[in-house]
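Requesting a structural model of the entry that follows:
(chains A and B)
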Amino acid sequence: MTTAAPASRRGVNVSVIIVLTAVIAVVTLITLGKDPWTILFVNPLINALILLDIVSFGQFGLAIILFTVLLRVATIPFTIRQLESTKAMQAIQGESQEIQKKYKDPKRRQEEMMRLYKEHNINPLGCFLPLVIQMVVFMALYRALVHLVGGSPESLISLSGRLYPIGILEGQIPLNQHFLWMDLGHKDNTWMLPLLVGLSTYVQQRLSVTPNANAQQAQQQQMMTWMMPMMLFYITLSLPSGVGVYWVVSNLFSLFASYLVYGKRILSWRQLLPMSVEAPPAPTAAARREQKRTGPIEPDEIEQGDISASQQEPDITAPREARSENGGKRRGKRKKRR
Amino acid sequence: MRMARATSARFLLPAALFALLLAACANVQKPDGWSPPVREDATLYASLHGGKVSALDPDTYEERWEFPAEKEFACGDGAVESHNLDGIYGAPAIGDTMIYVGAYDGSAYAVNKDDGACAWEFKTDDVIVGGVVLGDAGLYVPSSDGYLYLVDPDTGLETKRFAAGDLWATPLLAEDALYQPTMEGKLWKLDPATLDPIWDSPFDTSAALLTAPGGGAKGPDRIVVGGIGRTLYSIDAATGEEQWSFKAGNWFWGQPFVDKTGVYASNLDGKVYALNPETGDKLWDFDTGATIRAGVAWTGDAVIVVNNNGDVYSLDAATGEPNWGPTELDETVYADPVAIDDQVFIVTRSGAVITIDGEGRPTTVVDG
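Here you go, the predicted structure:
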């Protein structure tokens, strides 16, 4: 009698097959003296963008937007998993800190952390994949745009070797690189696009950031919410506008994903204020006992406002007094001292 | 610890973006141009640096002047303005007292042959990639803004315009007609004086036509053009009907040479093709091993070709066998080679001028 393999094992098998196939493809291409990055990522992207340009009636700006939306829709399970993972990790932060304090031996500490993650069904690396996808697409898109709307006849020479010999694709060249006020192959000298990139990144970061109990991490988080938008603003000043269009649309999509995970919280514009995210208190012993009694925290439970989770992650949009009531003893005591 | 790792992972993205920015600076292809040199009796004109044209002594190769000498200059009696010509792709057109260049900044310039001073500037609304052509009726200026302009060569004033389409190719001016390919895949036959279309409808194909038309200036029987569709077309000059087509491995960009014995064309697939002019059947091909942007040069019985890596060959026109080559210049070359007397002139991307003698021996006459 045969039994069906568990879903998780099937998932692992598929992942292993994908990774092995990718490794074999890369090694084969390198052996043949080809550039795997170009052949596996940049060239398919170039041709896909031209195909989307046809669908977008020759408006290459719309093709980039369409590409971004399709990509984000295709990867939305990863994005939501990343947000849920971040949120769930936030929920066990008190226990995680306790383990770090309690166990000095790194090996033991790691074991305990892994046990904690397993207990709560959390994949600590869950937030990496969307980041990696974003980075790979961003770099491939940049390279693709340099060839597609590079803004010079010289860039077309390099495009010639990357275009698949399909008549309908060849018929689209050269692409219309004007979109709204921008020349998609050149940097935006009006600064409007870099500002939009910076602003949308800031909003996206502020609205999806979760409170952090660790002061150092909270500070890092705070710094990142400023650093990332500023860096992206600066970088977009020098990159082809098409890359900026991708980034803005991608940020809007992330906001949508944040809404799906965090719900109404992201609609609070107080969250946009620079100092609005405060470190929540560590969970109380009673809360921890309650959590142990009720079992592991599932992301869905957190989303639905599980009591124990809400004790650890107060609604930061709520009035300060209300948060103090949820928040635990320390803040209450401090209030009394005043 | 894992949490800290996860947090620090957020730094990966900005770090990668900075790396990308650094890489970006090195990879953007600027429009430097690939204008081939032109020799008039006492002067060799060549674009050695992006967006500039130089007048050189043909014996000593000393530079007499360079246009523009400075970024800010005035044309004629106009005001001093800041200019950045970006790149010059077509060969300069030579007049009696002036030379004319079309630049990637979208303007055509008339430059005094004596001192390199700007006589006038004719502005269009988009880039100029094709070369300007001087005829009896005036100066033909093909622009990417959708128009072919006819301009008075003395004053720089527009006399006529024709809405041909996005123009990247240099037009071919023959005795009775002007042939202008477009990026929309059309080939127009126009009256050189009025710019009125002569064919009932233009020759039309699905992909952009990049090459300057081949066929010769003396009332050609056929016009040969090619482009992004990887196809070379022979078109009846009288009717505009397609005679034959030939498919290659990549785009055609260099101007084909048409002779009674054959049609000779370079292709971005790295090969030179010799075709039967009547049927389009392949007579021979020769693989240079690297992409070829430049067109071919004709010496009477040999075809000169240079690929983007700077490997130069002289090929027997009848057999395709190399007379000499490769002569390796170790320089990137996009500009057409030009055969003058018994020498071949090549301008490299770095701005060097290299001559090659009948035995294939190179001499760098102007350093890049």
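
and stretch B:211-228, how far out from the chain's middle?
14 Å (C-alpha atoms, centre = their mean, to the nearest Å).

Now do the buried residues in it.
Neighbour-count burial for stretch B:211-228, counted by 16 or more other C-beta atoms under 10 Å in any protein chain shown, picks out B:211-216, B:220, B:222-228. Just so you know, the C-beta spots here come from the backbone N, C-alpha and C atoms, and that holds for glycine as well.

Does it reach chain A?
Yes. Stretch B:211-228 lies within reach of chain A by C-beta under 8 Å from any C-beta of the partner chain, at residue B:228.

Endpoints of that stretch, how far apart?
Using C-alpha to C-alpha, to the nearest Å, one end of stretch B:211-228 lies 9 Å from the other.

With only the CA atoms kept, save stretch B:181-192 in PDB.
Coordinates of each C-alpha in stretch B:181-192 appear next as PDB, following Å, rounded to 0.1, in the frame of the first residue of the first chain:
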ATOM      1  CA  PRO B 181      14.100  54.200 -45.700                       C
ATOM      2  CA  THR B 182      12.200  54.600 -42.400                       C
ATOM      3  CA  MET B 183      12.100  52.900 -39.100                       C
ATOM      4  CA  GLU B 184       8.500  51.900 -39.800                       C
ATOM      5  CA  GLY B 185       9.800  49.600 -42.500                       C
ATOM      6  CA  LYS B 186       9.000  51.800 -45.500                       C
ATOM      7  CA  LEU B 187      11.100  52.900 -48.400                       C
ATOM      8  CA  TRP B 188      10.100  56.100 -50.200                       C
ATOM      9  CA  LYS B 189      11.100  57.200 -53.600                       C
ATOM     10  CA  LEU B 190      10.800  61.000 -53.700                       C
ATOM     11  CA  ASP B 191      11.200  63.800 -56.200                       C
ATOM     12  CA  PRO B 192      14.500  65.400 -55.100                       C
END
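
any residue of it up close to chain A?
Yes. Stretch B:181-192 comes into contact with chain A (C-beta under 8 Å from any C-beta), by way of B:183, B:185.

is it true that residue B:339 touches residue B:295?
No. Counting by C-beta atoms under 8 Å, residue B:295 is not a contact partner of residue B:339; they are 11.7 Å apart.

So the two - more neighbours on which side?
residue B:295 (26 against 18; other C-beta atoms under 10 Å in any protein chain shown).

Confirm that that one sits in a helix.
No. Under DSSP: H, G, I helix; E, B strand; the rest coil, residue B:295 falls outside any helix and is assigned coil.

isn't it right up against residue B:264?
No. Using C-beta under 8 Å, residue B:295 makes no contact with residue B:264, being 9.3 Å away.

and for those two, which residues touch both?
Each of B:256-257 lies in contact with both residue B:295 and residue B:264 under the rule C-beta atoms under 8 Å, 6 or more residues apart in numbering or on different chains.

what about residue 38, neighbour count?
With no chain named, the answer covers chain A. Neighbour count of residue A:38, defined by other C-beta under 10 Å: 17.

Not quite, go with chain B.
20.

residue ranges for the helices of chain B, please.
Ranges of helices in chain B, per DSSP state H, are B:2-9, B:12-27.

Same check on the stretch 1-150 of chain A?
Using DSSP state H, counting those that start in this stretch, the helices of the stretch 1-150 of chain A run over A:7-31, A:36-37, A:43-55, A:60-74, A:76-91, A:93-102, A:106-119, A:128-148.
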